[in-house]
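**Q** Take this sequence and fold it.
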Amino acid sequence: MPEIAFVNDVFMPLSEARVSVEDRGFQFGDGVYELLRVYAGVPFHLTDHLGRLEQSARALGIPLPYPRDRWAVVIAEAVSRSGFPDAKVYIQVTRGVAPRDHVPAGPMVPTVVVTVRAMAPPDPGLYAAGADVVTVADIRWARCNIKSIGLLANVLAKQQAREMGAVEALFIRDGCVLEGATSNVMIVKNRCLVTPPEGPLLLPGVTRKVVLGLAQKAGVSVQEQPVTEAELHAADEVFLTGTTIEVLPVARVNGRSIGAGSPGPVTRLLMARFREARGDAPS
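**A** Numbers count the residues shown, from 1 in each chain. Modelled structure (predicted):
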């Protein structure tokens with residue numbers, strides 16, 4: 001089954017996809033993106049992802065070339081062409097192609113890229129035993145709620161985590177944990193789920209939103225408020241949420257065990273509820 005790309009209205013094998021070297025995404029990181037999961041051929045929470053794409057593009061002043069119904073058709077055809085029942089779909093829209101200058105001269109035509117790849121789930125052992133994460137200083141810009149393609153700080157944090165034998169890096173600013181390099185973070189204390197609130201320094205994750213809703217339906221108390229690094233270490237449970245990891249339990253932070261050092265009851269409950277929810281693949 002082929003990996004598929006869609007570039008500016010044309011479908012092609014991913015290996016043949018090309019964009020100009022003068023594309024502002026390449027030159028400046030001037031673009032936005034989304035990553036979504038496909039379960040059994042059906043995109044998961046597509047409407048939420050497209051809504052966030054619109055918000056990010058609007059924040060950067062990039063006009064999206066397609067309405068939501070056109071995006072849905074493109075994604076459905078790309079997934080169908082790939083033949084992957086379980087896949088990840090990447091959407092990227094940049095400001096377009098122009099001679100390199102910080103301020104482009106006049107209106108531009110956005111560059112659209114959509115790719116479909118088979119989804120390789122993370123190691124099942126991480127869900128059984130829990131993952132290791134580390135904390136790092138937050139050196140990102142002040143508009144992390146925009147899902148822009150400028151991710152160098154996240155790349156460096158992820159590399160640092162890997163060098164330390166961890167799967168994720170959690171950003172710390174002013175003594176508080178914000179989110180992971182590629183995930184949102186949640187803690188449990190006395191069976192109450194606490195997660196940092198949405199704002200300029202935190203990406204409003206689609207999986208985060210789903211999990212908070214599932215927790216409330218399951219009768220778990222939910223609070224969105226700042227989480228200090230001390231509270232992170234003292235939590236009974238810690239878990240991460242994200243498109244590719246779903247609900248991932250954390251066993252250790254900076255080498256120190258969280259709770260019993262294994263997935264706790266609230267985390268296990270939400271892992272199970274999320275597996276049930278993804279089977280419905282709501283729009």
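**Q** and the gap between Phe26 and Gly150?
**A** 12 Å (Cβ to Cβ, to the nearest Å). Every residue, glycine included, has its C-beta placed from N, CA and C.
**Q** quick check: domain ranges of this protein?
**A** 4-118, 124-280 (automatic domain parsing).
**Q** From the chain's centre, how far out is the last one? Work that out for me.
**A** Its chain's C-alpha centre and that of domain 124-280 lie 11 Å apart, by Cα atoms, centre = their mean, to the nearest Å.
**Q** Average pLDDT for it, rounded please.
**A** With pLDDT averaged residue by residue, domain 124-280 scores 97.
**Q** Going by neighbour count, list what's buried in stretch 157-164.
**A** Neighbour-count burial for stretch 157-164 flags Ala157, Lys158, Ala161 (criterion: 16 or more other Cβ atoms under 10 Å).
**Q** for stretch 178-185, that is, sorry about that
**A** With burial defined by 16+ other Cβ under 10 Å, the residues of stretch 178-185 counted as buried are Leu178, Glu179, Gly180, Ala181, Thr182, Ser183, Asn184, Val185.
**Q** what's the most distant pair in the residues you listed?
**A** Spatial extent of the buried residues of stretch 178-185 (Cβ to Cβ) is set by the pair Leu178 and Thr182 at 13.0 Å.
**Q** which stretches of the stretch 151-283 of the chain form strands?
**A** For the stretch 151-283 of the chain, applying DSSP state E, counting those that start in this stretch gives strands covering 168-173, 176-180, 184-189, 192-195, 221-224, 227-228, 237-242, 246-253, 256-257.
**Q** Next, the buried residues of the fourth one.
**A** By neighbour count, and taking 16+ other Cβ under 10 Å as the criterion, the buried residues in strand 192-195 are Leu193, Val194, Thr195.
**Q** Which neighbours in the sheet does that strand have, and how are they oriented?
**A** strand 184-189 (antiparallel), strand 221-224 (parallel) (DSSP bridges).
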